[in-house]
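S.K.: Okay, here's the prediction I keep looking at, along with the sequence it came from:
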Amino acid sequence: MDIANVAAEVFLELGATPSLVRIEALFRQVSARAANTSNGFGLTPRELDVLRLLAEGRTNAEIADALYISRRTAATHVSNIFHKLDVGTRAGAVDQAHRHNILSP
């Protein structure tokens, strides 16, 4: 029995339906994040968004505008992507993404 089922049983026994609904939503979020980081490099969903924009040739300023984030945050995401993909350039990041089929839907 997994932790989600154990938690659900406890909440049901206690009559804590609102808490059960919240915990189920939390487990769905965690599962979705795990699925989205299953790209082999540990890229977050937001980093994947940034990488897609990098692949379009967007600058950090354009990425920031497209994602409604600051330029500094965009630059941080780009840096994190470089680190996770073990590359030093935007072209290298896009190349890795295509080689490993990271940007496929």
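M.R.: Everything's here; your move. Numbering: from 1, shown residues only.
S.K.: drop to CA atoms for contacts and neighbour counts, all remaining ones
M.R.: Fine.
S.K.: can I assume residue 90 is in contact with residue 54?
M.R.: Yes - with contact defined as CA atoms under 8 Å, residue 90 counts as touching residue 54 (6.8 Å).
S.K.: Now do the buried residues in the helix or strand where residue 82 lies.
M.R.: If you go by DSSP states H and E, residue 82 is part of helix 71-85. Residues of helix 71-85 classed as buried by neighbour count (16 or more other CA atoms under 10 Å): 71, 74-75, 77-79, 81-82, 85.
S.K.: do the same with stretch 52-68
M.R.: Buried residues in stretch 52-68, counting neighbours by 16+ other CA under 10 Å, are found at 52-55, 58, 60, 63-64.
S.K.: Relative to residue 45, which of these is nearest.
M.R.: Of all these, residue 52 has the smallest distance to residue 45: 10.7 Å, by CA to CA.
S.K.: Which residue, other than its chain neighbours, is closest to that closest one?
M.R.: Distances taken as CA to CA, 6 or more residues apart in numbering place residue 103 nearest to residue 52, at 6.6 Å, with adjacent residues excluded.
S.K.: mind checking the SS state of that neighbour?
M.R.: Three-state call for residue 103 (DSSP: H, G, I helix; E, B strand; the rest coil): coil.
S.K.: check contacts around it.
M.R.: Counting by CA atoms under 8 Å, 6 or more residues apart in numbering, residue 103 makes contact with 48, 51-52, 97.
S.K.: Model confidence for it, exactly?
M.R.: The model reports residue 103 with a pLDDT of 85.
S.K.: now swap in residue 92 and tell me
M.R.: Among the per-residue scores, residue 92 holds a pLDDT of 97.
S.K.: and it, what element?
M.R.: Assigned by DSSP H and E, residue 92 falls within helix 90-99.
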